[in-house]
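In: dropping a prediction and its sequence here:
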Amino acid sequence: MGRTPYDFETYGVRDLRKFLKSCELPHPDPCSAIDQLFILGTAPFPPNVNKSHKNHILARHEKWRTLENIKCILVHPGKFFEKELIADSMNSLDLNEDPRYILPGALPPLYTHAPTDMETLEEWLKLVLVTATRVVHTVYPRIRGFGFYPGPNLEGDNELFRYTVWSPQIFIPSLEIPTAPAPLVVAYQPPHVLTQKDLEEFASCEAFPPFYVLGGHLASKHRLWAKIWDICQLNRASYFVLTSYTHWIFGTFSPGMRVGFISPIYLYNTAAPNPTLLETFIYWLCTSLSIPGTFTRPQVDEPISAMEDIDMEEITDLPVPPSSQSFWFGRDDGSSAGAELEIQSFAGESISSALPVQDRPPTHRTIGEIRKWLATCSNANHRGLDEDDLVYGKDPRSELEENQFHQDMPRGEWMISA
């Protein structure tokens with residue numbers, strides 16, 4: 001016989017592992033063909049075959065949204081619960097006092113093919129969120145500061161899309177930017193808006209279209225990805241869940257938020273031998289808290305964020321250009337600053353110190369004296385000096401070592417020729 005979230009205080013205390021394996025979520029109320037015809041105004045259609053065409057959430061291309069690729073992952077608890085579920089502090093939880101542990105009373109009707117308001121859906125989702133909070137706080141007392149708190153209202157989408165955050169402090173809806181990061185967000189939409197076909201398109205998406213036109217149109221699946229990415233970025237959350245209560249998807253983003261990872265669709269009534277929905281949800285909740293033995297996010301190559309600081313070594317070996325009042329070409333009046341030019345090498349030594357003794361030029365001489373010295377150099381073959389040589393000349397020692405003993409090779413590039 002299956003257990004329900006309402007049996008936690010009775011059977012969860014006795015054997016937490018057995019309780020989770022046998023826990024069943026209640027079934028939504030059936031929607032007859034007559035109800036669908038009169039409430040929706042459309043002919044009945046087979047469930048999980050067609051898209052709803054009602055997911056008109058607001059989202060557009062944004063330059064700052066960096067999502068690029070989407071990859072598939074498998075979320076499976078494996079033997080995690082066999083090792084971790086040791087409930088030795090069950091009786092210390094205030095199940096009837098703390099609002100994080102209080103289950104809803106009588107559940108209002110939830111329909112899969114008829115309009116359901118968000119408040120009704122939230123009551124049904126509490127069965128999973130509250131039970132998961134009870135289990136995690138029982139097994140890991142050190143994280144009892146965490147809880148699920150509703151996110152702020154989304155203007156224009158509040159009746160189609162809402163989310164709750166797993167946060168270490170009470171979420172303040174009036175704040176546009178949360179004061180603390182939330183490891184995980186749970187986004188939800190009514191079943192008649194987010195059908196299985198809509199979720200299948202969302203899960204099969206392999207890439208997010210790049211930004212090219214501000215305000216460009218996005219397909220329904222891309223708008224949903226954009227919405228998920230935005231709320232995760234806002235809350236600094238790497239993990240997310242998307243659900244309509246009847247269907248669940250678990251996902252995460254790479255550290256740079258450029259790659260999304262998405263699981264297959266899990267049904268609310270999944271039973272043994274597969275993990276129950278409650279087990280999978282608790283496993284993903286523990287994954288967001290980096291508890292050992294949980295899912296390891298795949299490593300991907302992605303650019304470093306422009307917001308990150310990069311420590312670079314100070315560059316000290318750049319050549320220092322010579323100071324000069326102006327460019328000049330063979331002026332011999334001695335008035336220019338270039339007449340007393342002495343170019344320094346990369347290592348800080350003067351170029352003349354790197355030349356052979358017999359070819360070293362006189363220092364601090366006028367143009368006429370330099371020309372006279374050039375005439376005394378044997379087999380001198382010099383080219384004219386241009387403006388580039390004046391500003392950023394090459395280190396002559398790189399050529400001297402190779403060309404020093406070749407008489408026909410040019411040398412003395414630091415000199416000025418009329």
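Out: Right, received. Where do you want to start? Since we're looking at a predicted model, the values are computed, not measured.

In: pLDDT below threshold where in the chain?
Out: Scanning the chain for pLDDT under 70 picks out the ranges 1, 31-53, 84-92, 169-181, 212-216, 304-365, 377-418.

In: could you chop it up by domain?
Out: As given by automatic domain parsing, the domain ranges for the chain are 26-288, 337-403.

In: quick one: end-to-end length of the first one, please.
Out: With Cα to Cα, to the nearest Å as the measure, the first residue of domain 26-288 is 26 Å from its last.

In: pretty sure residue 7 contacts residue 16?
Out: No. Using Cβ atoms under 8 Å, residue 7 is not in contact with residue 16, being 11.8 Å away. Backbone N, C-alpha and C define where each C-beta goes, glycine included.

In: just the C-alphas of the strand or helix carrying residue 70, formatted as PDB.
Out: Residue 70 belongs to strand 69-72 when assigned by DSSP states H and E. Extracted in PDB, the C-alpha atoms of strand 69-72 (Å, rounded to 0.1, in the frame of the first residue of the first chain):
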ATOM      1  CA  ASN A  69      24.000  25.200 -26.000                       C
ATOM      2  CA  ILE A  70      21.800  22.700 -24.200                       C
ATOM      3  CA  LYS A  71      22.800  19.100 -23.500                       C
ATOM      4  CA  CYS A  72      20.900  16.100 -22.100                       C
END
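
In: more neighbours: residue 7 and residue 16, which one.
Out: Using other Cβ atoms under 10 Å, the more surrounded residue of residue 7 and residue 16 is residue 16, with 20 against 15.

In: now do that one against residue 129, distance only.
Out: Distance, residue 16 to residue 129, by Cβ to Cβ, to the nearest Å: 18 Å.

In: state which helix of the chain is the longest.
Out: helix 118-139 (DSSP state H).

In: three-state assignment of residue 232?
Out: Classification of residue 232 using DSSP: H, G, I helix; E, B strand; the rest coil returns helix.

In: on contacts alone, who are the packing partners of the longest helix of the chain?
Out: Judged by 3 or more Cβ pairs under 8 Å, 6 or more residues apart in numbering; DSSP states H and E, helix 118-139 is in contact with helix 16-22, strand 147-150, strand 162-167, strand 184-188, helix 277-288.

In: for this structure, just list every one of the strands.
Out: In the chain, the strands defined using DSSP state E lie at 69-72, 147-150, 162-167, 184-188, 239-243, 247-253, 259-262, 266-267.

In: quick one, which of the ones you listed is nearest to residue 295?
Out: strand 247-253 (8.0 Å; Cβ to Cβ).

In: who's in contact with the closest one?
Out: Strand 247-253 has contacts (Cβ atoms under 8 Å, 6 or more residues apart in numbering) with 67, 73, 75, 191, 194, 196, 199, 202-203, 228-229, 232, 238-243, 259-268, 277, 280-281, 284, 287, 295, 297.

In: buried among those residues? Make that a PyMOL selection.
Out: Selection of buried members from these for PyMOL, criterion 16 or more other Cβ atoms under 10 Å:
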select buried, resi 67+73+75+191+194+196+199+202+203+228+229+232+238+239+240+241+242+243+259+260+261+262+263+265+266+268+277+280+281+284+287+295+297
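
In: any idea how far residue 263 is from the nearest residue to residue 130 once chain neighbours are set aside?
Out: Once flanking residues are discounted, residue 130 sits nearest to residue 103: 5.3 Å by Cβ to Cβ, 6 or more residues apart in numbering. Distance, residue 103 to residue 263, by Cβ to Cβ: 26 Å.

In: again with residue 16
Out: Taking Cβ to Cβ, one finds residue 16 at 24 Å from residue 263.
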